[in-house]
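**Q** Got a sequence here, can you build the structure:
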Amino acid sequence: MNTVNAKITVSGMVQGVGYRWYADRTARKYDLAGYVENRQDGSVFLEVEGKRSWIEDFIKELNKGPKLARVNQVSVEWGEAHHLFINFKIKA
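**A** Residues are numbered from 1 along each chain as shown. Below is the predicted model:
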């Protein structure tokens, strides 16, 4: 499997609405490794590694988010995988 890295920033009303838990469940569905965390500017940041097509499908779901979220923008920076992640986790 050709593994890639994606650094993803999600902006909008994405804190306090269960977005990190939504991202966690969705990342596990696509067998992605990495993490999700809230940022001080109100955005949510994710770093994931996995098969590119699975990450692309994951990003489509991130654009929807959980029911109470209002996603304005999802930006992605693609790179080579570092293979530093074993699983997916939620950071504070």
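
**Q** How about residues contacting the helix or strand where A27 lies?
**A** With elements delineated by DSSP states H and E, A27 resides in helix 19-29, which encompasses its position. For helix 19-29, the surrounding residues in contact (CB atoms under 8 Å, 6 or more residues apart in numbering) are 10, 34, 36-38, 44, 46, 48, 58, 61-62, 65-66, 69, 88-90. C-beta: built from backbone N, CA, C; applies to glycine.

**Q** Kindly recompute the last result at 7 Å.
**A** Outside of helix 19-29, the residues within contact range by CB atoms under 7 Å, 6 or more residues apart in numbering are 34, 36, 38, 44, 46, 48, 58, 61-62, 65-66, 69, 88, 90.

**Q** Save those residues as CSV, and put in secondary structure too.
**A** Formatted as CSV, the contacts of helix 19-29 follow (DSSP: H, G, I helix; E, B strand; the rest coil):
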residue, secondary structure
G34, strand
V36, strand
N38, strand
V44, strand
L46, strand
V48, strand
F58, helix
E61, helix
L62, helix
G65, coil
P66, coil
A69, coil
F88, strand
I90, strand
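
**Q** Return a ChimeraX selection command for the buried portion of these.
**A** Buried residues within those, as defined by 16 or more other CB atoms under 10 Å, are selected in ChimeraX through the command that follows:
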select :34,36,38,44,46,48,58,62,65,66,69,88
